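Undergrad: could you work out the structure for the sequence below:
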Amino acid sequence: MSIGFTYLIIGSVVLFYGADWIIKGGSQLAKYFGLSSIVIGLTVVAFGTSLPELVVSLAAALEGSPTIAVGNVIGSNIANVGLVLGLSSLVFPITIKFTQIKIDLGIYMIVCLLFTYFCMDGEIIRMEGLILFACIIAYTWFAIRHPAKKKDPQIDQINPNVPLSKTLLLILFGILSLSFGANIFITGAIDIARYFGISEVVIGMTIVALGTSLPELATSVIAAFRKESAISIGNIIGSNLFNLLSVIGLVSMISPLESPVKIIHFEIPYMVIYGLVLIPISLMPQPIHRGSALLLLLGYGMFIFQMF
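TA: Alright, predicted model coming up:
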């Protein structure tokens, strides 16, 4: 068990530094290309923090268990809002501007409906996966090119003397550290859980599922601490889009995904509700009230309880 605790400590430290590097690098990248922090959060940061979901889902598909991807993505999307946003804004209050996220949030809800439609026949086939993957390419282009994404005033405060190559390396090391740190953390948590006799099923449904959301959690908390709320909320919405479009898209192109029809009645509606809840939260007085953050966390706790 001591090894498990050692892994938890190492994983936590690596996650912290990985998140710190990716926030610094992402902010500097926005300076170079004249993009807003929300765009960097929606694209570069979001894609980087979603790597664990992609790796886990692809590995499952290659090993003959592609259906794990569906549960992993839905669970991670719910965790990103309930756990990541809830905990981040509870510790360091986050500001969400509805005008800043309304288009991306609208796209996310449309993607949720498309994903639900593809799940209705119990299988996501290769053609549907190709459609989803094509959508992430189109969305990324839209997010970068859309004129509504104006540059933030605070971007001008970023040090312009840092070379672009150093910025890109900082982001790369941040992404790799997040993936490595999450893996070490999960390994340690599983070791401790087994020591206390917790079943494999419970470990899989809780620790492993939550583990793939650790990069989003670490990045959003650090972003909130650095008062980069735009990167934090952009990371959450962008990661959810990446999970549905890129992770499900790629995995279903490799191997058609079986999607149990029952998830349409509980898990998917929960995911959609946790997307819609961002609307009233962003319209309330900012920053997010800690009472709202606590409700998000309680809602996520209820989801985990219902899963059992």
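Undergrad: could you pull out the helices in the stretch 101-250 of the chain for me?
TA: Assigned by DSSP state H, counting those that start in this stretch, the stretch 101-250 of the chain shows helices spanning 126-145, 164-195, 200-203, 209-211, 214-225, 229-242, 248-254.
Undergrad: show me what counts as buried in the longest one.
TA: Right, the one you point to is helix 164-195. For helix 164-195, the neighbour count (16 or more other Cβ atoms under 10 Å) marks 167, 170-171, 174-179, 181-193 as buried. C-beta here means a position set from N, CA and C on the backbone, and glycine is covered the same way.
Undergrad: which strands and helices sit next to it?
TA: When contacts are defined as 3 or more Cβ pairs under 8 Å, 6 or more residues apart in numbering; DSSP states H and E, helix 164-195 packs onto helix 2-33, helix 46-49, helix 51-62, helix 200-203, helix 209-211, helix 214-225.
Undergrad: to residue 80, which of the ones you listed lies closest?
TA: Residue 80 lies closest to helix 214-225 among the helices and strands packed on helix 164-195, at 5.4 Å (Cβ to Cβ).
Undergrad: relative orientation of that closest one and helix 51-62 in degrees?
TA: Put simply, helix 214-225 runs at 170 degrees to helix 51-62, going by axes from the mean of the first three to the mean of the last three Cα atoms, to 10 degrees.
Undergrad: extract the C-alpha set from helix 214-225 and format it as CSV.
TA: Taking Å, rounded to 0.1, in the frame of the first residue of the first chain, the C-alpha atoms of helix 214-225 are listed here in CSV:
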residue,chain,number,x,y,z
LEU,A,214,-7.7,14.3,-13.7
PRO,A,215,-5.9,16.4,-16.4
GLU,A,216,-9.0,18.5,-16.9
LEU,A,217,-9.4,18.9,-13.2
ALA,A,218,-5.7,19.9,-12.6
THR,A,219,-5.7,22.3,-15.6
SER,A,220,-9.0,24.0,-14.6
VAL,A,221,-8.0,24.4,-11.0
ILE,A,222,-4.6,25.9,-11.9
ALA,A,223,-6.2,28.1,-14.6
ALA,A,224,-8.7,29.4,-12.0
PHE,A,225,-5.9,30.0,-9.5
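Undergrad: the nearest residue to residue 98 once chain neighbours are set aside in helix, strand or coil?
TA: Leaving aside its chain neighbours, residue 98 sits nearest to residue 282 (4.0 Å; criterion: Cβ to Cβ, 6 or more residues apart in numbering). Following DSSP: H, G, I helix; E, B strand; the rest coil, residue 282 is assigned to helix.
Undergrad: residue 282 and residue 229, how far apart?
TA: Computed as Cβ to Cβ, to the nearest Å, the residue 282 to residue 229 distance reads 11 Å.
Undergrad: related to what we said a few turns ago, among the helices and strands packed on helix 164-195, which is nearest residue 255?
TA: Smallest distance to residue 255 across the helices and strands packed on helix 164-195 (Cβ to Cβ): 4.8 Å, for helix 51-62.
Undergrad: which residues are in contact with both of residue 282 and residue 229?
TA: residue 96 (Cβ atoms under 8 Å, 6 or more residues apart in numbering).
Undergrad: compare the two (neighbour count), which wins?
TA: residue 229 (26 against 19; other Cβ atoms under 10 Å).
Undergrad: quick check: that one touching residue 288?
TA: No - in this structure, residue 229 is not within contact of residue 288 by Cβ atoms under 8 Å, at 9.1 Å.
Undergrad: who touches both of these two?
TA: 94-96.
Undergrad: looking at these, which is nearest residue 86?
TA: Nearest to residue 86 out of the shared contacts of residue 229 and residue 288 is residue 94 (Cβ to Cβ; 10.2 Å).
Undergrad: surely that closest one is in a helix?
TA: No - Residue 94: not assigned to a helix; according to three-state DSSP it is coil.
Undergrad: residue 91 against residue 221, yeah?
TA: Yes - using Cβ under 8 Å, residue 91 is in contact with residue 221, at 6.3 Å.
Undergrad: who's in contact with residue 44?
TA: Counted by Cβ under 8 Å, 6+ apart, residue 44 has contacts 26, 29, 171.
Undergrad: do the same with residue 18
TA: Contacts of residue 18 by Cβ under 8 Å, 6+ apart are 173-178, 180-181, 215, 218.
Undergrad: tell me the average confidence for stretch 39-59?
TA: For stretch 39-59, the mean pLDDT works out to 80.
Undergrad: residue 225 - nearest residue in space that isn't next to it in sequence?
TA: In space, and not counting its chain neighbours, residue 225 is closest to residue 92: 5.0 Å by Cβ to Cβ, 6+ apart.
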